[in-house]
Each structure stands twice: as C-alpha cells, then as structure tokens.
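Asks: Sequence and predicted structure below; questions after.
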Amino acid sequence: MPVTQAPPVSFNDTAVAFASKSNGELRKMYALFAAMNNNTLVKTGGGLMKTALKWHIPGTAFLIKKSIFDQFCGGETIQECLPVIQELGRYNIGTILDYSVEGEGNDKSFDATTTEILATIELAGRSQHIPFSVFKVTGVGDAGILEKVQAGKALTADEQMSYEKTRKRINAICARAHQHGVRVFVDAEESWFQDTIDQLTYEMMHRYNRESAIVWNTYQLYRHDRLEALEKAHADAVAGGYYLGGKLVRGAYMEKEARVAAQQGRQNPINATKNATDDLYDNALRFCVEHIDRISICAGTHNEASSLLLTQLMQEQGVQPADPRIWFAQLFGMSDNLTYNLAHAGYNTAKYVPYGPVAAVMPYLLRRADENTAIAGQTSREFMLIQKEMNRRKVQ
C-alpha cells in the first residue's frame, strides 16, 4: 500500500503557530521577548528576582508568576497544569510534565521527587495528551556518588547503600511507566557521570523495553562521542533483544563542560564548532530513521533545519507522520512555529512543560532566559515571529 505523502511543513506560518493565542496574550509575549532580547536586562533582572525572593519582598512571586513563569511553566502543581495540558491537546500537541524543582540532595528530597515523577506517570496513564514522563537521575540520587562510580572509585558502605537506593528509585519509576504503557525519558546530564546514567538506563531498557520503547535515554549531540554512543546502544539493543528509545538534543551544559574539562586537564567533550554539532545531530537523525525498526526517537530541538530534515527522512523511508516511533518536542513557551505547524501537518509533537513552586523553579527559569540570550538569534527569531503575527492581525 503506498505511503501517503505528508503536506510540506512551513515554519513561517504564524497563523497556525499562534492560533491558540489571543491578541492580549500576543501583546504580553511581545513585551516579554522584547525584554529577554536585552542581555543586560536579563542578567540584572535575574539577580534582582533572586534577591527579592530571598528577602520575601511582597508581590515578587506574584509578578514572576504572571510574567516569565506563565510563559515557560505550566503551573506550580500538576493540578495547575491541567488547563495547559487540555489546551495543547486541542491542537494535537502532547505535554511532557517536567518537575523542575532542584532538590536538596538528601534521601528525603530524592524520595519526594520520585513520588512526584510517579504521579506524572499515573496521570499520563489516564490522559491521551501526555505521551511521555521525564526525570533526571540527579533528582533521585546523589551526583557525587554517580561520579565516583564512573571514575571507578571504591564506594563506602554508606555510599553503596545510597547508590542501591538510587537504582531502586529509578526502577520504581520505570516499572510504573511499563505498567501504564507510558514512555519515560531519562534526561542527560554532565559528562563526568553520564556514563553511570547510561549504564542504569540501559539496565532498565533491557528489563522494560521488550515489547516497545518504554525507557528512553537522552543523547547530547554537542558531545563529539554521542553518535558513536548511540550506534553502540543500538547494537546492544539488537543483541539484547530489546528496543532502544532515544531523545536527541544538542546539549545543555556547554560552558560548564568546557570549564570543568580545563580544570581537570582533560579534553573538552564538546564539539569545536556549532556546525560540527549540527552535522552530528543530523547524522544521528539519519541513523535513527534508517534503524527505525529497533529505535524510537524524539527530536528535542528548536532547530528548524533539523526538524525539516527529519520530516524529509521520514518521507524518504516511507514512514507516516503519525508513526508512534517518531516524535518532535520543544520547550513550552518557545518555538511555537515549529510545534504547532508540525502538529498541524500530522506529526507527533509535544511540549516540555516545567512545573513547581515559583521560588523552587527560579533556577530553571533563569537558565531559560540566559539560554535565550546565549543562542544567537533565538530570541530575535521568536520576537520577529510574534511581530509578524501581530502585524497580520493588525494588533497594536
């Protein structure tokens, strides 16, 4: 039976991209991105917000919630996120609830985070609009111990016990995901303990990915060794008789990775140029689509060229837009021109929707603001698209 050709996707169609936004919401976005386009204002404002929250200045949390928080987060609790989930679902866009609270690094916070992740899985099991859950291993276990394991250093009895607790928490999350048929992303983190995260994740894949990809690892393609790691993971999955799930991202710790590598006197794991990262990312997409019989992928990217490439690769390989093995994902509040236009064309798309108490997710929000100013042209691109839609609607 011939494959139906998907309609071409235009990422410049602002009528589709902002279909869910009222004129008032567009004006609010315009003001916010105009401010975020000012690097000095972002850095100064971020410091002021942290200070105001620390000193409990009245009204600070309210102002943050009504501005940057509303733009990039779904709410303070899962319950508060429900309207966002429903609204995205109206446009055939899934929600990935991302509990963005940075814990205190003890068993109490690790257990609390595990409980929260399990709650997102329970909700996903009941909702057609939540295709994935997600967690960071450092949210449920000690980063220092993960680093010692990767370095091959002996653990003390207490550290070994802590590591086993981490493994049990991860297993509890993956077991619940398997029980409800919910896919779960294991986020990528810093290179000096990523191998340990990989090891734990593949252990879970071997256990729970027998029928389909339930547990998904994350590959940061700004690292020059990650395509090789992906290829090896595929070979291991074939040999082990399980399915590989892979979320492909460019990466999130570039400056930190370079700094720590220099301090430790080792090679920087990050590609020397952005073009090298782009090439590696696109080659990873090609590899995954060529091996789609064993790999399920999510292209977690705000890059228009890579997103368009994936749609072309799917057509070349005869893969339907709605094939459940291939997803696109962007952050909530950003790149709606990609998400909404892909969904409109019939592709599987989802938004990462962070949530948590305002003060607790401030580190995440400030990183989002910094990231926008650090990525050349990203905020300007968002700002330009908002302006274009306001002009189309004749909104003043």
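Replies: Structure's in. What do you need?
Asks: Report the residue spans of the stretch 1-150 of the chain with pLDDT below the cut-off.
Replies: Screening the stretch 1-150 of the chain residue by residue with the criterion pLDDT under 70, one finds the ranges 1-7, 38-62.
Asks: all strands for the stretch 101-250 of the chain, in order.
Replies: Ranges of strands in the stretch 101-250 of the chain, per DSSP state E, counting those that start in this stretch, are 132-135, 183-186, 215-220, 244-249.
Asks: Could you provide these in CSV, with additional columns for mean neighbour count and distance to D279?
Replies: Any C-beta I mention is one placed from the backbone N, CA and C, and that applies to glycine too. Formatted as CSV, the strands of the stretch 101-250 of the chain follow (neighbours: other C-beta atoms under 10 Å; distance: least, C-beta to C-beta, whole Å):
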stretch, mean neighbour count, distance to D279
strand 132-135, 24, 27
strand 183-186, 26, 24
strand 215-220, 26, 15
strand 244-249, 24, 13
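Asks: for the ones you listed, which one sits closest to P8?
Replies: Closest to P8 of these is strand 244-249 (C-beta to C-beta; 22.6 Å).
Asks: So in that sheet, which strands flank the closest one, and in what orientation?
Replies: Sheet pairing of strand 244-249 (DSSP bridges) gives strand 215-220 (parallel), strand 295-300 (parallel).
Asks: Identify the residue nearest the geometric centre of the protein.
Replies: In the chain, the residue lying closest to the centroid (C-alpha atoms, centre = their mean) is Y352, at 5.7 Å.
Asks: Report the beta-bridge partners for it.
Replies: I96, L331.
Asks: my read: G246 touches I297, true?
Replies: Yes - counting by C-beta atoms under 8 Å, G246 touches I297, with 5.2 Å between them.
Asks: Return every residue with contacts to both of those two.
Replies: C288 (C-beta atoms under 8 Å, 6 or more residues apart in numbering).
Asks: before we move on, the earlier item: need the strands of the stretch 101-250 of the chain in TSV (columns: distance to V16).
Replies: Shown next, in TSV, are the strands of the stretch 101-250 of the chain (distance: least, C-beta to C-beta, whole Å):
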stretch	distance to V16
strand 132-135	23
strand 183-186	26
strand 215-220	28
strand 244-249	24
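Asks: For the residue nearest to the centre of the chain, give me the pLDDT.
Replies: Y352 carries a pLDDT score of 96 in this model.
Asks: show me what contacts it?
Replies: For Y352, counting by C-beta under 8 Å, 6+ apart, the contacting residues are I96, D98, V134, G300, A329, Q330, L331, F332.
Asks: make it 10 Å
Replies: Counting by C-beta atoms under 10 Å, 6 or more residues apart in numbering, Y352 makes contact with 72, 74, 95-98, 100, 132, 134, 185, 300, 329-334.
Asks: Now D187. Nearest residue, chain neighbours left out?
Replies: Spatial nearest neighbour of D187, chain neighbours left out: K136 (4.6 Å); criterion: C-beta to C-beta, 6 or more residues apart in numbering.
Asks: My read is that that neighbour contacts Q194, right?
Replies: No - in terms of C-beta atoms under 10 Å, K136 does not count as a neighbour of Q194; the distance is 11.6 Å.
Asks: For stretch 292-311, buried residues please.
Replies: 292, 295-304, 306-311 (16 or more other C-beta atoms under 10 Å).
Asks: And stretch 159-172, by the same measure?
Replies: Counting neighbours by 16+ other C-beta under 10 Å, one finds that the buried residues in stretch 159-172 are E159, S162, Y163, K165, T166, R169, I170.
Asks: Can I get that stretch in PDB, CA atoms only?
Replies: Coordinates of the C-alpha atoms in stretch 159-172 are reproduced here as PDB (Å, rounded to 0.1, in the frame of the first residue of the first chain):
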ATOM      1  CA  GLU A 159      27.700   5.300  49.600                       C
ATOM      2  CA  GLN A 160      27.000   1.800  48.200                       C
ATOM      3  CA  MET A 161      23.700   1.700  50.100                       C
ATOM      4  CA  SER A 162      22.800   5.200  48.700                       C
ATOM      5  CA  TYR A 163      23.600   4.000  45.200                       C
ATOM      6  CA  GLU A 164      21.400   1.000  45.500                       C
ATOM      7  CA  LYS A 165      18.600   3.300  46.700                       C
ATOM      8  CA  THR A 166      19.100   5.400  43.600                       C
ATOM      9  CA  ARG A 167      18.800   2.200  41.400                       C
ATOM     10  CA  LYS A 168      15.600   1.200  43.300                       C
ATOM     11  CA  ARG A 169      14.000   4.600  42.700                       C
ATOM     12  CA  ILE A 170      14.900   4.500  39.000                       C
ATOM     13  CA  ASN A 171      13.500   1.000  38.800                       C
ATOM     14  CA  ALA A 172      10.300   2.100  40.600                       C
END
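Asks: what distance separates that stretch from the middle of the whole chain?
Replies: Remark: stretch 159-172 is offset 24 Å from the chain centroid, using C-alpha atoms, centre = their mean, to the nearest Å.
Asks: Show me what that stretch is in contact with.
Replies: Residues beyond stretch 159-172 that count as contacts (C-beta under 10 Å, 6+ apart) turn out to be 106-107, 110-111, 113-115, 117-118, 135, 137-142, 144-146, 148-149, 153-156, 184, 186, 196-197, 200-201, 203-204, 207-208, 215.
Asks: For the lengthiest helix in the chain, give the mean pLDDT please.
Replies: Using DSSP state H, we find that the single longest helix of the chain is helix 157-180. For helix 157-180, the mean per-residue pLDDT is 98.
Asks: Just want the angle from that helix to strand 215-220.
Replies: 110 degrees (axes from the mean of the first three to the mean of the last three C-alpha atoms, to 10 degrees).
Asks: Report how many residues lie close to the residue nearest to Q267 when sequence neighbours are not counted.
Replies: Leaving aside its chain neighbours, Q267 sits nearest to A261 (6.5 Å; criterion: C-beta to C-beta, 6+ apart). Using other C-beta atoms under 10 Å, A261 is surrounded by 16 other residues.
Asks: and the next element down the chain from the helix or strand A261 falls within?
Replies: Assignment of secondary structure by DSSP states H and E places A261 within helix 254-264. Following helix 254-264 in sequence order, the next helix or strand is helix 274-290 (DSSP H and E).
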